[in-house]
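Visitor: Predicted model, plus sequence, below.
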Amino acid sequence: MAAAYKPGPRNLITDVAGLRVGNAQDDHIKTGSTVLVGDRPFIASVHVMGGAPGTKETDLLAPDKTVQDIDALVLSGGSAFGLDACSGVMDGLRDMGRGFAVGAMRIPIVPGAIVFDLINGGDKAWTDNPYRALGRAALNNARADFQIGTAGAGTGAMAAMQKGGLGSASLVLADGTTVGALVVVNALGSVTTPGDRHFWAAPFEIDGEFGGAGPDPIAGHVTPAPSRKEQAMMLQAAEGANTTIAIVATDAPLSKTQCHRLAVTAHDGMARAIVPAHTPLDGDLVFGVSTRAGTPVDQTAFREIAAAAAVCLSRAIARGVYEATQAAGDIIPTYRAMN
């Protein structure tokens, strides 16, 4: 499989033609928002496997619901406050004349999900909720090339043992189909094996994209090390304080039902890259996206696309942590600072 696949030219989700990503952040607060927007509306669904999700408009994405096309997806920090980033994106899209037509009105359809980054060393004593403005700024910044690591919704993210971040990766299949992933890594679990050197996702790494340390030569890692994140937060990591939220996308013409199955399968990639994943204290979810309408692909082709999405998500998770950068006030170190 690996011989037939290669990353796209950017190794980002925007290698899927027609997609753009925008980031906006506040380094003083240590938080931010990220938006995925298409040149035109796209098909999407979602699957949640964590026990403590924070979402907006995700019920619309169930395969049996009427809405087919959406205008954007939002990933944000800020816990429940961060859901307001979706409102900022809606404001911007409405100004662009985009949205679902209802009579003379247009209503942009903008589902979103959030991570908890309220205990990370940033100053959270704001007077007005900053996320509506961050969402709109992220939309305005949307482009094909964007920063990963400590950027956008990954600005204040933390995994168990080191700083988290915003990650992305892509693959081009043998027939030219492109698959990509975008993720905010803020997990209760660890992305590295005990010792902090080797990524759980190492078997899927391509061309040293997250440091080239390779798989851990020591086997038998069945007990996780004590979490630096929980210790740094003074064990305030209560329910909802952790989450990995992701988007996997393809230019293949998937149905809404297939987008849902794409999201389900991509969770395998999350579990391969984070240990443990999908805990009762995480809000882990994946959105599945297709940019092209048309006759859905057959099950043989879909199986290959879904498997590639899971691989992309594993790689994106490791890349997000690998590219994180140290900042004043951080309460846990970055991967690079420890290696």
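Guide: Everything's here; your move.
Visitor: what ranges do the helices span in the stretch 201-339 of the chain?
Guide: 228-232, 256-273, 299-322, 335-338 (DSSP state H, counting those that start in this stretch).
Visitor: Tell me the gap between the third one and the middle of its chain.
Guide: Pointing back at helix 299-322 there. The chain centre lies 12 Å from the centre of helix 299-322; the measure is CA atoms, centre = their mean, to the nearest Å.
Visitor: who does it touch, helix- and strand-wise?
Guide: strand 165-172, strand 178-186, strand 243-250, helix 256-273, helix 335-338 (3 or more CB pairs under 8 Å, 6 or more residues apart in numbering; DSSP states H and E). (C-beta placed from N, C-alpha, C; glycine too.)
Visitor: could you dump these to CSV with distance to residue 88, mean neighbour count and mean pLDDT?
Guide: Shown next, in CSV, are these (distance: least, CB to CB, whole Å; neighbours: other CB atoms under 10 Å; pLDDT from 0 to 100):
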stretch, distance to residue 88, mean neighbour count, mean pLDDT
strand 165-172, 18, 29, 98
strand 178-186, 17, 31, 97
strand 243-250, 18, 31, 96
helix 256-273, 25, 23, 97
helix 335-338, 31, 18, 96
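Visitor: In a markdown table: the helices of the stretch 201-339 of the chain, plus distance to residue 125.
Guide: As requested, these are arranged in a markdown table below (distance: least, CB to CB, whole Å):
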| stretch | distance to residue 125 |
| --- | --- |
| helix 228-232 | 19 |
| helix 256-273 | 33 |
| helix 299-322 | 28 |
| helix 335-338 | 27 |
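Visitor: So for residue 93, which of these sits nearest?
Guide: Nearest to residue 93 among those is helix 256-273; the distance by CB to CB comes to 20.4 Å.
Visitor: Can you pull out the low-pLDDT segments for the chain?
Guide: Low-confidence segments of the chain (pLDDT under 70): 1-3, 234-240.
Visitor: all strands of it, in order?
Guide: Per DSSP state E, the chain carries strands over the ranges 19-26, 31-48, 55-56, 69-76, 100-102, 105-107, 112-114, 165-172, 178-186, 243-250, 285-290.
Visitor: Looking at those strands, spot the one closest to residue 274.
Guide: Among the strands of the chain, if distance is taken as CB to CB, the winner is strand 243-250, at 6.3 Å.
Visitor: quick revisit: minimum distance to residue 15: which of the helices of the stretch 201-339 of the chain has it?
Guide: Comparing the helices of the stretch 201-339 of the chain by CB to CB, helix 299-322 comes nearest, at 10.0 Å.
Visitor: Now do the buried residues in that closest one.
Guide: For helix 299-322, the neighbour count (16 or more other CB atoms under 10 Å) marks 302, 304-322 as buried.
Visitor: How about stretch 101-121?
Guide: Neighbour-count burial for stretch 101-121 [16+ other CB under 10 Å]: 108-121.
Visitor: Those: which two are farthest apart?
Guide: Maximum distance among these (CB to CB): 35.0 Å, for 109 and 121.
Visitor: Once you drop chain neighbours, what's closest to the residue positioned nearest the centre of the chain?
Guide: Central residue of the chain (CA atoms, centre = their mean): residue 183, 1.9 Å from the mean position. In space, and not counting its chain neighbours, residue 183 is closest to residue 246: 4.0 Å by CB to CB, 6 or more residues apart in numbering.
Visitor: Could you verify my assumption that the one you found touches residue 268?
Guide: No - assessed by CB atoms under 8 Å, residue 246 is found out of contact with residue 268, at 12.0 Å.
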